[in-house]
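1. Need coordinates for the following:
(one chain, ligands or ions: 1)
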Amino acid sequence: MAQIIAEVSRTFNEFLLLPNRTRTDCSPATVDLSTPLVRHVVGEQPAIELSSPFTSAIMQAVSTPELAIALARNGGLSFLHHNQPIQDQAAAVRQVKNFKAGFVTSDTNVRPEDSLSHLVAVMRRTGHSTAAVTHDGTATGRLLGLVTSRDFHPQRHDLDGPVSGRMIAIADLPHAGADTTLSEANARLWEQRLDCLPLLDPDGHLRYLVFRSDYADNKRFPNQAVDSAKRLRVGAGVNTHDYRERIPALLEAGADALCFDSSDGYSDWQAQALTWVKKHYPEVPTGGGNVVDGEAFTFLAEAGADFVKVGVGGGSICITRDQKGIGRGQASAVLDVAAARDAFRERTGEYVPICSDGGLVHDYHMALALAMGADFVMMGRYFARFDQAAGAKLPTRDGFVKEYWGEGSNRARNWQRYGQGSQGLIFEEGVDGYVPYAGDLNEGLALTIAKLKTTMVSCGSTTLAEFQSAARLTLVSDQSFQESHASVTLRDTPATIA
Ligand code: RVP
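-> Have a look, this model is predicted:
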């Protein structure tokens, strides 16, 4: 006879945190959000630690190289999606690993014989006002000069004339060698009152541009997730079908961590794949999932998973529960798996971090997931709203939206993620839709971090470990849930004032 789990399946909306006593030394400035990403012996330092507990979903619509760069600069980690040819995913990994903060590969490039009207069109397309003039019009051609939007005026200069007529030629242009450090470049920028310093190879080919504004920008990110060579960290999703070919290519490209990505990870296929990775690449941090209970967590941890993702059916674009009747409320899943993680730690002396993946709609849901035991969270909808995500930004009557689609939707057809047999995706487990546009990731994430820190302060905690052990959670009734929201007419709501 089927077993009925006594406990009701609960989601984050059903819980609130009780404030704990806040000590005077506990303030947002003293809160440390660092968290382990991978398995480690208790008391020892994990091979990878994140300085903020956020990862972006392994999804076409979410984890682009641009988003991975922005998130790693804020201390989190992206997992680039595997729903693409192996060489494309490896190239995306390489793009993140090659990013050098403050060193820009020029994206606005023209040839000296190009017309000024062509230059205007290129500047309009890239949105940048400084162009490199190279012999072949590429980002790495021989540098002949620089031209900015301040060097010509459409009414004053003949737009049919060549760019060479208005550029500052290389002979008059301060420049430096490609081995210049960021602080040396910055010193030149200030000493010579420059806006931009080109860095060239010994043969005069352009390598990077360093902008004064980018140096200041770089100072904004003190908590970047970087490897021992100071390159940004990036993760990559893999599947249980082509991992033998995909993983070597991803590692060669420089991936820092891998994650088996499956809508249901409690399977022999995933255990076999994890065992294979641990045999061939024992040092490579590799996560598994997704699971929703302690039994499945222990299965993957014993198969070698270095972290385990939790969540089935809770994603904002997910219809797995409707289609297959499989899943569990995300709060119940996290609480159950966290208990199994702690039992595993007691039994083996090893800590295997867990990630709450999907279903985080409000910022406070992240705090709840972390309080309930998640070491870090993974989000799709949240990151899909930002400029750096893949979806197109579209205007609507009520403002801008961004496209966001599930990996189980007809648009993504990521059959490797769903166990529907070898014919590919037979039915959809995800939808294709829109999310409200939220601008730049850096600003959005800063706000989220500020909220998380103040929640932790209210709960008297300055570290995530302390937050988890001190958290007191209460269930909310429907009535008290109503009370959580404002119950006055808001000023920006049309209303008749008597
Ligand atoms: P959310 O953050 O709520 O948008 O959820 C993102 C998560 O949903 C992903 O990390 C993944 O686990 C899951 N997902 C992705 N595609 C689909 C689907 O099409 N059903 N689900």
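2. show me the contacts for the closest residue to the ligand within the stretch 1-150 of the chain.
-> Closest residue of the stretch 1-150 of the chain to the ligand, Cβ to the nearest ligand atom: residue 57 (3.3 Å). (C-beta placed from N, C-alpha, C; glycine too.) Contact analysis of residue 57 by Cβ atoms under 8 Å, 6 or more residues apart in numbering lists 63, 79, 315, 357-358, 378-380, 383.
3. switch the cut-off to 6 Å
-> For residue 57, the contact set (Cβ atoms under 6 Å, 6 or more residues apart in numbering) comprises 378, 380.
4. Assess the claim that residue 464 and residue 32 are in contact.
-> No - with contacts defined as Cβ atoms under 6 Å, residue 464 does not count as touching residue 32, sitting 8.0 Å away.
5. Against residue 235, how distant is residue 48?
-> 9 Å (Cβ to Cβ, to the nearest Å).
6. So between these two, which is more surrounded?
-> residue 235 (29 against 20; other Cβ atoms under 10 Å).
7. Kindly state the beta-bridge partners for that one.
-> residue 79, residue 257 (DSSP bridges).
8. could you list every residue that touches it?
-> 77, 79, 257.
9. so how far is stretch 374-392 from its chain's centroid?
-> Counting by Cα atoms, centre = their mean, to the nearest Å, stretch 374-392 is centred 6 Å from the centre of its parent chain.
10. for the record, mean pLDDT for it?
-> Throughout stretch 374-392, pLDDT has a mean value of 97.
11. Between the two ends of that stretch, what distance do you get?
-> 31 Å (Cα to Cα, to the nearest Å).
12. Which residues does it contact?
-> 35, 53, 55-57, 59, 61-62, 64, 66-67, 70, 316, 334, 353-357, 360, 366, 369, 402-404, 435, 438, 440-441, 444.
13. What residues does the stretch 351-498 of the chain have near the ligand?
-> 357-360, 378-382, 406-409, 429-430 (Cβ under 6 Å from any ligand atom).
14. Mind doing that once more with 5 Å?
-> Residues of the stretch 351-498 of the chain found near the ligand (Cβ under 5 Å from any ligand atom) are 357-359, 379-381, 406-408, 429-430.
15. Closest one of the residues you listed to residue 252?
-> Lowest distance from residue 252 to these (Cβ to Cβ) belongs to residue 407, with 24.9 Å.
16. burial count for the closest residue to that closest one other than its chain neighbours?
-> Leaving aside its sequence neighbours, residue 407 sits nearest to residue 414 (Cβ to Cβ, 6 or more residues apart in numbering; 4.0 Å). Using other Cβ under 10 Å, residue 414 is surrounded by 26 other residues.
17. hey, where'd the helices end up in the stretch 301-450 of the chain?
-> 320-324, 330-348, 363-371, 381-384, 441-458 (DSSP state H, counting those that start in this stretch).
18. Just the CA atoms of the longest one, as CSV, please.
-> As requested, C-alpha coordinates have been extracted for helix 330-348 and formatted as CSV (Å, rounded to 0.1, in the frame of the first residue of the first chain):
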residue,chain,number,x,y,z
GLN,A,330,9.5,24.1,-1.5
ALA,A,331,9.5,24.9,2.2
SER,A,332,8.8,21.2,3.2
ALA,A,333,11.4,20.0,0.7
VAL,A,334,14.1,22.3,2.0
LEU,A,335,13.4,21.5,5.7
ASP,A,336,13.5,17.8,5.0
VAL,A,337,16.7,17.8,3.0
ALA,A,338,18.4,20.2,5.5
ALA,A,339,17.7,17.6,8.2
ALA,A,340,19.2,14.9,6.1
ARG,A,341,22.3,17.0,5.3
ASP,A,342,22.8,17.6,9.0
ALA,A,343,22.4,13.8,9.7
PHE,A,344,24.9,13.1,6.9
ARG,A,345,27.4,15.5,8.5
GLU,A,346,27.0,13.8,11.9
ARG,A,347,27.5,10.4,10.4
THR,A,348,30.4,11.1,8.0
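19. Since that was my last question, I'll sign off now.
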